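Peer 1: here is my input, please return the structure:
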Amino acid sequence: MPEWQLAAIITHLELGGAQLATLTQIEKSRFFDGPRTLLAGRGGRLDERAHRIENVSYLPVKDLRREISPRHDSRALAQQIACLRSLRDASDARLLVHTHSPKAGVLGRIAARWVGADAVVHSVHGFGHGSEKGRGRFGPVLQWVERLSGRLADGYTTDSESNRRQGHRERLFSRRPVEVVHCGYDPDVFRYDPVARTSIRRELSVGDDSPLIVTLANFKEQKDPLTFVRIAARVLERHSEAVFAYAGDGPLRPQVEQELARFRITDRVRLLGWRDDPARLLSAAEVFVLTSRWEGLPQSFGQAMAVGLPIVATAVDGAPEAVAHGETGFLHA
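Peer 2: Below is the predicted model:
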């Protein structure tokens with residue numbers, strides 16, 4: 001009989017660093033041999049990948065979603081309680097609940113304590129209320145909710161030392177132990193590929209002499225895609241031969257398209273949608289750009305550097321822990 005079983009919970013399996021880290025953890029962690037279960041809201045781009053993981057049970061939580069909704073959130077909490085209780089009752093193994101992302105972090109910690117989980121760990125992949133400089137209008141409310149949830153975990157991990165310091169400064173960890181665990185990348189996947197470079201540049205209609213500037217990010221407030229557009233417009237004023245590519249999608253895409261039209265640079269900025277070949281796309285580029293307003297520590301930094309790209313990014317949260325300003329890239333305060 002295994003001593004422990006693991007239940008990991010994340011809000012939504014969209015294509016992002018926190019989601020990839022969660023899938024990697026539940027698939028490859030080796031600290032025990034017991035059953036593994038993944039709970040997540042439905043409809044994410046990584047749902048199919050989650051279903052394919054061997055020896056992991058994937059249980060979609062119908063009402064778990066990013067948007068704040070008392071009706072859906074209460075239902076999602078009840079659904080998580082039911083799932084965790086069934087796991088606990090079906091096995092004599094002790095139950096470890098590991099939550100990821102802000103919404104699942106709050107609801108999952110409540111559900112774990114409700115059913116009497118033996119251990120609860122929450123991983124911070126950037127705080128939902130943002131950093132002090134980057135938080136949105138609901139930041140103070142989300143910070144308060146995060147503080148109230150602080151006592152529901154036995155311990156925490158953060159993607160960056162910056163997030164660890166922020167959590168202590170804002171009293172979000174309730175004096176629980178906190179460890180920094182940087183997210184890695186697969187060196188067998190993320191390496192420079194000259195064949196991919198030729199293929200991708202041909203696909204994007206980018207000439208051999210045209211510099212290609214790439215980002216990998218969701219079209220959402222945290223990633224600030226409108227600033228990416230403004231950067232592209234300024235660069236193109238001086239270097240009209242440059243081409244920009246944005247791999248990702250999300251709620252701010254209509255605004256991005258409007259800004260591209262306003263600056264009259266639609267023909268120089270490729271909106272690629274979600275891509276399943278980030279390593280190939282990075283191989284085709286000269287520079288990687290990320291305009292986030294707040295972060296944990298982006299996995300895309302390690303991926304870009306593994307391919308050999310310099311990074312230009314905002315100096316938020318964990319960015320200075322990955323990018324040596326003036327050596328491996330440039331950070332803008």
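Peer 1: which elements pack onto the helix or strand harbouring residue 165?
Peer 2: Residue 165 belongs to helix 161-169 when elements are defined using DSSP states H and E. In terms of contacts (3 or more CB pairs under 8 Å, 6 or more residues apart in numbering; DSSP states H and E), helix 161-169 is packed against strand 155-158, strand 178-180, helix 319-322. Quick note: C-beta positions are derived from backbone N, CA and C, even for glycine.
Peer 1: correct me, but residue 126 touches residue 183?
Peer 2: No. Using CB atoms under 8 Å, residue 126 makes no contact with residue 183, being 11.2 Å away.
Peer 1: common neighbours of the two, please.
Peer 2: Shared contacts of residue 126 and residue 183, defined by CB atoms under 8 Å, 6 or more residues apart in numbering, comprise 159, 296.
Peer 1: more neighbours: those two, which one.
Peer 2: Set residue 126 next to residue 183 and count neighbours by other CB atoms under 10 Å: residue 126 wins out with 28 against 21.
Peer 1: any idea how far residue 290 is from that one?
Peer 2: Applying CB to CB, to the nearest Å, the value for residue 126 to residue 290 is 13 Å.
Peer 1: check residue 100 too.
Peer 2: Residue 100 is 21 Å from residue 290, by CB to CB.
Peer 1: how many degrees apart are the lowest-mean-pLDDT helix or strand in the chain and helix 161-169 in direction?
Peer 2: When the helices and strands of the chain are compared on mean pLDDT, DSSP states H and E, helix 139-148 comes out lowest with a mean of 86. Calculated by axes from the mean of the first three to the mean of the last three CA atoms, to 10 degrees, helix 139-148 forms an angle of 80 degrees with helix 161-169.
Peer 1: other residues contacting stretch 48-66?
Peer 2: Outside stretch 48-66, the residues that touch it by CB under 8 Å, 6+ apart are 9, 11-13, 23, 26-27, 35-42, 47, 72-73, 75-76, 79-80, 83, 103-104, 107.
Peer 1: which SSE is residue 5 in?
Peer 2: Assigned by DSSP H and E, residue 5 belongs to strand 4-12.
Peer 1: good, we can wrap up now.
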